[in-house]
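>>> no sequence on this one, just coordinates:
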Ligand SMILES: [Mg+2]
Ligand SMILES: [Zn+2]
């Protein structure tokens, strides 16, 4: 089984990109968010707009994130459980791999990451998109095909919190959801397990695996 875990708002309590964008460029952040919600721009455009004015060095951004971002409790236990049960955990995110890696390391975690990257510098941040395929089902470059490719025929468990998780979560065999994703799955009548922390995800996986055995 593949366990695909969203990073922002899921593994971590905060959305890291929203967090540092709102911190250093609050006006641009709010305006891009408004345009995204109004349907004027897509998620990738919003992401690039929100980070463009930020001129801090990568070291400064990482130091701020490591200091302030909280990983949800139970992450270590979940990773250990996956190792015991032959489940491959992977972070699938629309954030930045080079900023997530130090947050994981600071919390004693080492997980594979499938995400974008960002270049920092005095001219502002520039996103290096990882080039997800356009999805005909949802009309965006979503995580569905990416997760399916990573699963390579194995069953998929998906853990997420937001609208960008919906398409991939719909496609999963097991769903763990909170916040916006939970509301959307409920509205679509798709079963999911709610979670507050990674202990809930571990218990849910155990129940599903042992129930199926
Ligand atoms: Mg999220
Ligand atoms: Zn999609």
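Everything's here; your move. What you are looking at is a predicted structure, and each value in this text was computed from that prediction instead of being measured. Ligands and ions are numbered 1, 2, ... in the order given.

>>> Residue 168 reaches residue 143, doesn't it?
Yes: Residue 168 lies in contact with residue 143 (CB atoms under 8 Å); the separation is 3.9 Å. No exception for glycine: its C-beta is placed from N, CA and C like everyone else's.

>>> Report the set of residues contacting both of the two.
4, 92 (CB atoms under 8 Å, 6 or more residues apart in numbering).

>>> Residue 46 is in what secondary structure piece?
helix 43-51 (DSSP states H and E).

>>> Now look at that helix and say if it contacts ligand 1.
No: figure legend: helix 43-51 not in contact with ligand 1 (CB under 5 Å from the ion); closest approach 11.2 Å.

>>> Check which helices and strands that helix sits against.
Here helix 43-51 touches helix 16-24, helix 26-37, strand 126-128, going by 3 or more CB pairs under 8 Å, 6 or more residues apart in numbering; DSSP states H and E.

>>> ok, how many other residues are close to residue 207?
12 (other CB atoms under 10 Å).

>>> quick one: the helix or strand harbouring it to chain centroid distance?
Element membership for residue 207, per DSSP H and E: helix 198-212. The chain centre lies 20 Å from the centre of helix 198-212; the measure is CA atoms, centre = their mean, to the nearest Å.

>>> what does that helix contact?
Contacts of helix 198-212 (CB under 8 Å, 6+ apart): 1, 3, 11, 72-75, 77-78, 81, 85, 87, 157, 159, 174, 176, 193-195.

>>> In ChimeraX, how would I select the buried members of these?
Selecting only the buried entries of the contacts of helix 198-212 in ChimeraX, with 16 or more other CB atoms under 10 Å as the criterion:
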select :1,3,11,72,74,75,78,81,87,157,159,174,176,193,195
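
>>> just checking, which of the contacts of helix 198-212 belong to helices?
75, 77, 78, 81, 85 (DSSP state H).

>>> Give the other helices and strands that the longest strand along the chain contacts.
In the chain, with assignment by DSSP state E, the single longest strand is strand 88-96. Under the contact criterion of 3+ CB pairs under 8 Å, 6+ apart, strand 88-96 touches strand 2-5, helix 16-24, helix 75-85, strand 113-119, helix 144-151.
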